[in-house]
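Student: Next come a sequence and a model predicted from it.
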Amino acid sequence: MNTLILYDSKFGNTKQIAEAIGGSLNPQDHIEICHVNGVNPNQLKGVEFLIVGSPTQKFKPTKAIVDFINGIPANGLNGIKVAAFDTRISIKDVNSRLLNLFVKIFGFAAEPMAKLLKRKGGNLVVPPAGFIVTDTEGPLKDGELERVSAWIKS
Ligand SMILES: Cc1cc2nc3c(=O)[nH]c(=O)nc-3n(C[C@H](O)[C@H](O)[C@H](O)COP(=O)(O)O)c2cc1C
């Protein structure tokens, strides 16, 4: 399968998840792992599986990721498998009631990315997933890289 794993990453944690996904897919697939900068929607030609990842920033995916998905023509993902993941800070680790409330209301990046991908015609093949960082700059929480393979194959 021709697979594109597209990610944004400020501190490298989302990139690490993207690479772990790449490593857990069938080695016979054609897999490209690309930072969102420098990729444009024309490069989706021939892609059969598009996996998009973003750090959660202000409860959302980054602007670069949203701009990329919005730049895909209407129905441009028809017949294409899609998946979305983010990195995020665990609500359990946030000691602020107000922030906890905001998180409950506004959520994280993966779900809105999945919605946008589906709106372009994509066939969501796994539920949106979040991978936990222990602090803003990381590192990823122990065990998160190991969860990747089970998720993408779920
Ligand atoms: C400006 C900014 C806003 C952030 N907002 C959130 C947030 O709303 N929810 C959350 O869980 N984490 C938030 N974080 C933490 C990021 O999710 C974390 O930095 C990211 O997962 C690290 O991934 P990266 O190394 O790929 O950039 C924020 C981080 C930054 C820098």
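Tutor: Received the coordinates, thanks. Numbering: from 1, shown residues only.

Student: what's the nearest residue to the residue positioned nearest the centre of the chain if we skip its chain neighbours?
Tutor: Nearest to the mean C-alpha position of the chain, counting by CA atoms, centre = their mean, stands residue 53 at 2.0 Å. In space, and not counting its chain neighbours, residue 53 is closest to residue 7: 4.1 Å by CB to CB, 6 or more residues apart in numbering. C-beta coordinates here come from the backbone N, C-alpha and C atoms, glycine included.

Student: which strands and helices sit next to the worst-scoring helix or strand of the chain on mean pLDDT?
Tutor: Lowest by mean pLDDT, DSSP states H and E among the helices and strands of the chain is helix 97-106, with a mean of 87. Using 3 or more CB pairs under 8 Å, 6 or more residues apart in numbering; DSSP states H and E, no helix or strand is in contact with helix 97-106.

Student: what do you get if the cut-off is 10 Å, keeping everything else the same?
Tutor: Helices and strands touching helix 97-106, by 3 or more CB pairs under 10 Å, 6 or more residues apart in numbering; DSSP states H and E, are strand 81-89.

Student: tilt between the strand it packs on and helix 97-106?
Tutor: 170 degrees (axes from the mean of the first three to the mean of the last three CA atoms, to 10 degrees).

Student: going forward can the numbers begin at 692, since that is how I track them
Tutor: Okay, residue one is now 692; in that scheme the one you just asked about reads as strand 772-780.

Student: ok so, going back, check which element follows the least confident helix or strand of the chain along the chain.
Tutor: Once the chain leaves helix 788-797, the next helix or strand it forms, by DSSP states H and E, is helix 801-810.

Student: what's that next one in contact with?
Tutor: Surrounding helix 801-810, the residues in contact under the criterion CB atoms under 10 Å, 6 or more residues apart in numbering are 741-745, 747, 750-752, 756-757, 759-761, 763, 765-766, 768, 771-779, 797, 813-815, 817-822.

Student: where exactly do the strands run in the protein?
Tutor: Secondary structure of the chain (DSSP state E): strands at 693-698, 721-726, 740-746, 772-780, 814-815, 820-824.

Student: now those as JSON lines including mean pLDDT and distance to the ligand?
Tutor: As requested, the strands of the chain are exported to JSON lines (pLDDT from 0 to 100; distance: least, CB to the nearest ligand atom, whole Å):
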{"stretch": "strand 693-698", "mean pLDDT": "98", "distance to the ligand": "8"}
{"stretch": "strand 721-726", "mean pLDDT": "97", "distance to the ligand": "10"}
{"stretch": "strand 740-746", "mean pLDDT": "98", "distance to the ligand": "3"}
{"stretch": "strand 772-780", "mean pLDDT": "97", "distance to the ligand": "3"}
{"stretch": "strand 814-815", "mean pLDDT": "98", "distance to the ligand": "22"}
{"stretch": "strand 820-824", "mean pLDDT": "98", "distance to the ligand": "5"}
